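> Model the following, please.
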Amino acid sequence: MSGSTSVSIQLRHEEDWLEICDRRQLVPGRGLAALLPDGRQAALFLDREGRAYAIDNRDPFTGAAVLSRGLLGTERGRPFVASPLLKQRFDLETGRCLDDEEVSVAVHPVRVA
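Purely as a prediction, here's the structure:
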């Protein structure tokens, strides 16, 4: 990806950044699923202001890897993705479920370089 802008995430307990995709592959308002080295998936998002987010792609309510296909929105100024299956909303900055405070998904630091 030389000469272009890449999107990388940092996995929990890792120091290095994992390059995921070219920045041009992220479309504002739409998610992108990425397969991680350990077999899990991350869901990457770019909001309309150009901020990037990454969370686990697995919906904890159904077990399906679908959060990358969810709808983006905001609640009191906080960005979230709504699961396309049961519509629970997950804060993209904290991973906390806005509809059930006992449930959350992992959040990954993101950099666009």
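> going forward, measure contacts and count neighbours with C-alpha atoms only.
OK.
> dump the residue contacts of Leu46.
Applying C-alpha atoms under 8 Å, 6 or more residues apart in numbering, one finds that Leu46 lies in contact with Leu26, Val27, Pro28, Gly29, Arg30, Gly31, Ala52, Tyr53.
> if we go to 10 Å?
Contacts for Leu46 (C-alpha atoms under 10 Å, 6 or more residues apart in numbering) come out as Arg23, Leu26, Val27, Pro28, Gly29, Arg30, Gly31, Leu32, Ala52, Tyr53, Ala54, Leu72.
> do the same with Pro79
Pro79 sits next to Asp47, Arg51, Tyr53, Leu72, Gly73, Arg89, Phe90, Asp91, Leu92, Glu93, Thr94 when contact means C-alpha under 10 Å, 6+ apart.
> For Thr62, give its distance to Gly70.
As judged by C-alpha to C-alpha, to the nearest Å, Thr62 and Gly70 stand 14 Å apart.
> Count the neighbours of Asp47 for me.
Asp47: 18 surrounding residues under other C-alpha atoms under 10 Å.
> any idea how far Ser68 lies from Leu46?
Between Ser68 and Leu46 the computed distance is 11 Å (C-alpha to C-alpha).
> repeat for Ala33
For Ala33, the distance to Leu46 - C-alpha to C-alpha - is 12 Å.
> And the buried ones among the contacts of Pro79, selectable in ChimeraX?
If you want just the buried ones from these in ChimeraX, going by 16 or more other C-alpha atoms under 10 Å, the selection is:
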select :47,53,72,73,89,90,91,92,93,94
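> In the contacts of Pro79, find the pair that's most separated.
For the contacts of Pro79, the farthest-apart pair by C-alpha to C-alpha is Arg51 and Arg89; their separation is 18.3 Å.
> quick one on the thing from earlier: which neighbours do Ala33 and Leu46 share?
Shared contacts of Ala33 and Leu46, counting by C-alpha under 10 Å, 6+ apart, come down to Ala54.
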